[in-house]
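Asks: Please find the sequence and the predicted model below.
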Amino acid sequence: MTVTASSSGTSTPRPSGIVVFSGGSAANSLVDVFKHLAQSKSCPLSYVIPISDNGGSSSELIRVFGGPGIGDVRSRLVRLIPSDEEEEHPNSERSAIKALFNHRLASDGPTARHEWLDIVEARHALWKNIPSSQKELIRSFLNLINLEIVKRARPSSVFDFSSASVGNLFLTGARLFSGSFESAIYLFSSISGVPSNVEVLPAINSNFSHHISAGLANGTVITGQNSISHPSVPTALSQARGDDLPISPTAEAEAQDHIEDANLPGSLPTLRKQYINFSKTEEEDLPARIERIWYINPYGQEIRPPANPRVVQALDGASCVVYSIGSLYTSIIPSLILRGVGQAIATSLTLRHKVLILNGSLDRETGPSSTPFTAMDFVAAIARAGAESRGLYGQPEPRELRRYVTHVVYVEGQGSPKVDREALLHLGIETVRIYGRKTTDGRAVRYDEKALIQALEAILGKRDARHARTRRMTVDTGS
């Protein structure tokens, strides 16, 4: 908070924080950008992360223990652990803890199980540079989750350690011990040295699973985040149950009910499967555009959960909100449609900057080859999500879009979304084109960190945008 003097002579706090809506892996590449921005503005930084992901190793934790999808939260926490090159005095202990929490077990189930036992019993090489006091604290929660795994083992359901994340297992153990997901995050942050001025906030503070569905323009409904963004191949357990065979939904649900796990009887089969193995590179187009995302209960009925109160509190104390790069419909919008978020963004008198950092390329969620998303489509989707959070359904009027997005930052390249600068400016939305770097395969464009920092500082007012063109014309405000 920045303190300003009021007309009566008393000091009143002025919101100055930065709130970033993002998922996990994609936005991790911009963490240093947001860190620099928060330091230059001397303000707190909050990351809002959805908990609806039911893919990867998180899917097995959800299947056996229930609870939120924690993979993206863990990914951001690990990325925020300072590395040796970031510190004046290198800390090999912190680097060792980072390596431990970032470690994935072997992809082969039996091999992964043996590796897990080596970690739990402190025989693994990952413990080498971790002091005894921290090691035994971490091990206590790993031992707890290991005990819970053994307790829940049944002939019909055995925990699969394939590709399991040690950080995910630690967070789950801490959550089960404390009964609080946020307490588990606090413990993780304290042990690993995540900076105290940075918050990682789950969009929903819950000990329960929360899933989403997507409605397509052709009437199709896709259930579960993994099915929306990354259709997976059958796992060993699903193949053993015959899930890869064409059976009726009723028969599949009845078969699932004979499995003892954390799922409620009669709940949707697609929410009860393992999704450990999936591809992020080979994705088929969706049959039609996504029109809407909503939360569902285990039986597929729509629900409207409230946002984590700390998310709303962070927005109330912010002067800037950033919609980061990542999957639009599974990383950004699941946080925006929660009750309380749209109201905090649209009606705030102090939230002056609402910045969309446009993806450098389109993905399965935004790139049907017949109708690829444009920048205007991204803005409209964000505005619709914010309006639905407020109970207002249907696409908002064009003049309402600026309530949710005031600036669009983008790079141009092969496969990047098209930006109609004049159309956006007509709606009062400013555009900033910056310099980018081609990926190694030349198929997409990545943001240049220095150029993005210049653009964001210009938007937030640290420097005049006219003087930010210091690196190969890195910033073009289009004004």
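Replies: That came through fine.
Asks: In the stretch 201-350 of the chain, where is pLDDT below threshold?
Replies: For the stretch 201-350 of the chain, the stretches flagged by pLDDT under 70 are 231-250, 252-254, 277-283.
Asks: the helices in it, which residues?
Replies: Assigned by DSSP state H, counting those that start in this stretch, the helices in the stretch 201-350 of the chain fall at 225-229, 236-241, 249-257, 309-316, 333-336, 341-346.
Asks: Same list (these) but as a markdown table, adding distance to Ser92.
Replies: Placement of C-beta: from N, CA and C, glycine included. Formatted as a markdown table, these follow (distance: least, Cβ to Cβ, whole Å):
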| stretch | distance to Ser92 |
| --- | --- |
| helix 225-229 | 37 |
| helix 236-241 | 38 |
| helix 249-257 | 47 |
| helix 309-316 | 33 |
| helix 333-336 | 36 |
| helix 341-346 | 40 |
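Asks: Out of the ones you listed, flag the one nearest Lys450.
Replies: Lys450 lies closest, by Cβ to Cβ, to one member of the helices of the stretch 201-350 of the chain: helix 309-316, at 27.1 Å.
Asks: Would you mark the buried spots in the closest one?
Replies: Residues of helix 309-316 classed as buried: Val311, Val312, Gln313, Ala314, Leu315 (neighbour count, 16 or more other Cβ atoms under 10 Å).
Asks: got CSV for these, with distance to Gln301 too?
Replies: Output for the buried residues of helix 309-316, formatted as CSV (distance: Cβ to Cβ, whole Å):
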residue, distance to Gln301
Val311, 24
Val312, 25
Gln313, 29
Ala314, 30
Leu315, 28
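Asks: count of neighbours near the closest residue to Ser25 other than its chain neighbours?
Replies: Excluding the flanking residues, the one nearest Ser25 by Cβ to Cβ, 6 or more residues apart in numbering is Ser75, at 5.9 Å. Ser75 is flanked by 23 other residues according to other Cβ atoms under 10 Å.
Asks: can you give me the mean pLDDT across the helix or strand containing Ser75?
Replies: Using DSSP states H and E, Ser75 maps to helix 71-80. Across helix 71-80, the average pLDDT comes to 97.
Asks: ok, then the element right after that helix?
Replies: helix 92-101.
Asks: Now find how far off-centre that next one is within its chain.
Replies: Helix 92-101 has its C-alpha centroid displaced from the chain centroid by 22 Å (Cα atoms, centre = their mean, to the nearest Å).
Asks: What of stretch 291-304?
Replies: Between the centre of stretch 291-304 and the centre of its chain there are 19 Å (Cα atoms, centre = their mean).
Asks: buried sites along it?
Replies: For stretch 291-304, the neighbour count (16+ other Cβ under 10 Å) marks Arg292, Ile293, Trp294, Tyr295, Ile296, Asn297, Pro298 as buried.
Asks: Let's see stretch 402-415 as PDB, backbone CA atoms only.
Replies: C-alpha atoms of stretch 402-415 as PDB (Å, rounded to 0.1, in the frame of the first residue of the first chain):
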ATOM      1  CA  ARG A 402     -12.800  -1.800 -20.800                       C
ATOM      2  CA  ARG A 403     -14.100  -2.600 -17.400                       C
ATOM      3  CA  TYR A 404     -12.100  -5.800 -17.500                       C
ATOM      4  CA  VAL A 405      -9.200  -5.000 -19.900                       C
ATOM      5  CA  THR A 406      -7.600  -1.600 -20.400                       C
ATOM      6  CA  HIS A 407      -4.400  -2.600 -22.200                       C
ATOM      7  CA  VAL A 408      -3.300  -5.400 -24.500                       C
ATOM      8  CA  VAL A 409       0.400  -6.300 -24.800                       C
ATOM      9  CA  TYR A 410       1.400  -8.500 -27.700                       C
ATOM     10  CA  VAL A 411       4.100  -9.800 -30.000                       C
ATOM     11  CA  GLU A 412       3.700 -10.500 -33.700                       C
ATOM     12  CA  GLY A 413       4.800 -13.700 -35.400                       C
ATOM     13  CA  GLN A 414       3.700 -16.800 -37.200                       C
ATOM     14  CA  GLY A 415       0.700 -18.200 -35.500                       C
END
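Asks: and it, average pLDDT?
Replies: For stretch 402-415, mean pLDDT is 94.
Asks: go on, stretch 144-152?
Replies: 97.
Asks: Alpha carbons only: can I get it in CSV?
Replies: Coordinates of each C-alpha in stretch 144-152 appear next as CSV, following Å, rounded to 0.1, in the frame of the first residue of the first chain:
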residue,chain,number,x,y,z
LEU,A,144,2.5,-38.9,6.6
ILE,A,145,1.3,-39.0,3.0
ASN,A,146,3.1,-42.4,2.6
LEU,A,147,1.1,-43.8,5.5
GLU,A,148,-2.1,-42.5,4.1
ILE,A,149,-1.3,-44.1,0.7
VAL,A,150,-0.7,-47.4,2.5
LYS,A,151,-4.0,-47.1,4.5
ARG,A,152,-6.0,-46.4,1.4
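Asks: Let's see which of the buried residues of stretch 291-304 end up in strands.
Replies: Counted as lying in strands by DSSP state E, out of the buried residues of stretch 291-304, are Arg292, Ile293, Trp294, Tyr295, Ile296.
Asks: And stretch 211-221, what's buried?
Replies: Buried-residue list, stretch 211-221, by 16+ other Cβ under 10 Å: His211, Ile212, Ser213, Ala214, Leu216.
Asks: can you redo these as TSV with distance to Ile97?
Replies: As requested, the buried residues of stretch 211-221 are exported to TSV (distance: Cβ to Cβ, whole Å):
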residue	distance to Ile97
His211	32
Ile212	32
Ser213	37
Ala214	37
Leu216	43
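Asks: Let me know the closest of those residues to Gly428.
Replies: Proximity of the buried residues of stretch 211-221 to Gly428 (Cβ to Cβ) peaks at Ala214, which lies at 29.5 Å.
Asks: picking up where we left off before, and the buried residues of stretch 211-221, which two are furthest apart?
Replies: His211 and Leu216 (17.1 Å).
Asks: can you pull the buried residues of stretch 348-358?
Replies: Result for stretch 348-358 [16+ other Cβ under 10 Å]: buried residues Ser348, Leu351, His353, Lys354, Val355, Leu356, Ile357, Leu358.
Asks: neighbouring contacts of that stretch?
Replies: 14-15, 30, 315-316, 318-325, 344-345, 375, 378-379, 382, 404-411, 416-417, 419, 447, 452, 456, 459-460 (Cβ atoms under 8 Å, 6 or more residues apart in numbering).
Asks: Which residue ranges of the stretch 301-450 of the chain form strands?
Replies: 302-303, 318-323, 353-357, 407-410, 430-434, 436-438, 445-447 (DSSP state E, counting those that start in this stretch).
Asks: domain ranges for this structure?
Replies: Per automatic domain parsing, the structural domains of the chain span 2-51+282-476, 82-193.
Asks: between the ones you listed, which gets the lowest average pLDDT?
Replies: domain 2-51+282-476 - the lowest mean pLDDT of these, at a mean of 88.
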